[in-house]
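Visitor: Test case, fold it:
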Amino acid sequence: MNKQYNNFSSQDLLTDIETVADIPVRLFHSMADAVDAVISADGKVIPGSAIAINPEKIMKSREDALIKSILLSASIRFADGIGVVRTLSRKSGKKITRIPGCELWEVIMKKAGQHQLPVFLIGAKPQVIEQTQKMLTQQYQVNICGIQDGYFNVEQEEQLIARLVKLKPSIVSVALGSPRQELLINRCRKDCPDTFFIGVGGTYDVYTHNVKRAPKFYIDLNLEWLYRLASQPTRIGRQLNLLNYLYLDVLKRL
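Guide: Got it, this is the predicted structure:
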């Protein structure tokens with residue numbers, strides 16, 4: 001077997017994938033394909049975890065072994081970032097669809113509501129997660145079996161995991177930011193092997209309109225990163241990772 005496949009899971013080897021900096025990424029051709037990888041047509045959840053892959057995470061994974069191990073620990077890695085999409089399209093010779101994490105989460109929640117799958121929400125401020133629960137219940141009739149805001153200590157984390165084991169949710173979404181959310185997910189997966197986990201960063205804030213997402217114009221032109229930079233100039237350091245990524249991609253070093 002080629003060395004580049006040494007870090008692939010058995011699920012990776014059965015699906016359409018390509019690597020970016022030795023990180024295997026699923027090649028989804030539509031949002032529907034991505035959702036079907038989580039919830040089957042008959043409403044059964046496929047256990048595991050999903051993580052969004054973007055240029056910033058790829059660049060960090062090249063410098064930090066922990067970050068790379070976190071990315072590799074997920075059972076589904078999807079392209080959320082136009083830079084990664086371009087790399088995958090070039091290397092695979094196929095048209096790849098960008099899967100924005102916030103959009104994937106919302107469509108998963110919609111499908112979970114249709115099949116009345118128990119969902120547990122973790123993360124964000126108390127008022128934000130309460131808003132998220134209320135809106136999901138009203139908009140998609142999601143069966144929310146429990147919530148936990150993002151402000152908990154080590155002891156409370158143990159209690160949280162015990163709650164998950166007892167409640168047995170089909171889906172758990174975690175909005176704690178990286179890498180904290182992925183580290184928690186890895187812990188929970190050991191005790192909840194039949195659950196699907198997804199790290200969603202600031203998605204609850206966007207969904208509840210506490211944080212404004214880029215206008216459709218920017219999204220359609222794949223310039224969401226530019227809008228975020230203009231709205232939050234302090235992100236300039238993070239955006240330099242994008243330039244470094246593009247440089248390596250042009251040289252075909254990814």
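Visitor: residue contacts, residue 124?
Guide: By C-beta atoms under 8 Å, 6 or more residues apart in numbering, the contact set of residue 124 is 132, 149-150, 175, 202, 204-205. C-beta coordinates here come from the backbone N, C-alpha and C atoms, glycine included.
Visitor: And these, which is closest to residue 81?
Guide: For residue 81, the closest of those turns out to be residue 202, at 15.1 Å, with distances computed as C-beta to C-beta.
Visitor: For that closest one, give me phi and psi.
Guide: Phi and psi for residue 202, reported as degrees, to the nearest 10, are phi -90, psi 20.
Visitor: Next one: residue 240 from residue 112, what distance?
Guide: Spatial separation of residue 240 from residue 112 under the definition C-beta to C-beta, to the nearest Å is 38 Å.
Visitor: Those two: which is more packed in?
Guide: residue 112 (28 against 12; other C-beta atoms under 10 Å).
Visitor: what about the more buried one, which helix or strand?
Guide: In the assignment (DSSP states H and E), residue 112 maps to helix 101-114.
Visitor: Neighbouring strands - and their directions - for the very next helix or strand once past that helix?
Guide: For helix 101-114, the following helix or strand on the C-terminal side (DSSP H and E) is strand 118-123. If you go by DSSP bridges, strand 118-123 pairs up with strand 143-148 (parallel), strand 171-175 (parallel).
Visitor: Can you give me the buried ones in the next helix or strand after the first one?
Guide: Meaning strand 143-148. With elements assigned by DSSP H and E, the helix or strand that comes after strand 143-148 is helix 154-167. Residues of helix 154-167 classed as buried: 160-161, 164 (neighbour count, 16 or more other C-beta atoms under 10 Å).
Visitor: Mind putting these into a markdown table with pLDDT?
Guide: Putting the buried residues of helix 154-167 into a markdown table (pLDDT from 0 to 100) gives the following:
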| residue | pLDDT |
| --- | --- |
| 160 | 98 |
| 161 | 97 |
| 164 | 98 |
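Visitor: All the strands of the stretch 1-150 of the chain, residue numbers only.
Guide: Read by DSSP state E, counting those that start in this stretch, the stretch 1-150 of the chain holds these strands, from start to end of the chain: 17-20, 23-26, 48-53, 76-79, 118-123, 143-148.
Visitor: Mean pLDDT and distance to residue 246 added to those strands, as a markdown table?
Guide: Formatted as a markdown table, the entries for the strands of the stretch 1-150 of the chain read as follows, by pLDDT from 0 to 100; distance: least, C-beta to C-beta, whole Å:
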| stretch | mean pLDDT | distance to residue 246 |
| --- | --- | --- |
| strand 17-20 | 95 | 13 |
| strand 23-26 | 96 | 17 |
| strand 48-53 | 96 | 15 |
| strand 76-79 | 96 | 15 |
| strand 118-123 | 98 | 31 |
| strand 143-148 | 98 | 38 |
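Visitor: for those strands, which one sits closest to residue 196?
Guide: Distance to residue 196, taken as C-beta to C-beta, is lowest for strand 48-53 among those, at 5.9 Å.
Visitor: elements contacting the closest one?
Guide: When contacts are defined as 3 or more C-beta pairs under 8 Å, 6 or more residues apart in numbering; DSSP states H and E, strand 48-53 sits against helix 65-73, strand 76-79, helix 180-191, strand 196-199.
Visitor: redo that, cut-off 10 Å
Guide: Under the contact criterion of 3 or more C-beta pairs under 10 Å, 6 or more residues apart in numbering; DSSP states H and E, strand 48-53 touches strand 23-26, helix 65-73, strand 76-79, helix 82-92, helix 101-114, strand 171-175, helix 180-191, strand 196-199.
Visitor: need the strands of the stretch 1-150 of the chain in JSON lines with distance to residue 95, can you?
Guide: Shown next, in JSON lines, are these (distance: least, C-beta to C-beta, whole Å):
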{"stretch": "strand 17-20", "distance to residue 95": "13"}
{"stretch": "strand 23-26", "distance to residue 95": "14"}
{"stretch": "strand 48-53", "distance to residue 95": "17"}
{"stretch": "strand 76-79", "distance to residue 95": "12"}
{"stretch": "strand 118-123", "distance to residue 95": "32"}
{"stretch": "strand 143-148", "distance to residue 95": "36"}
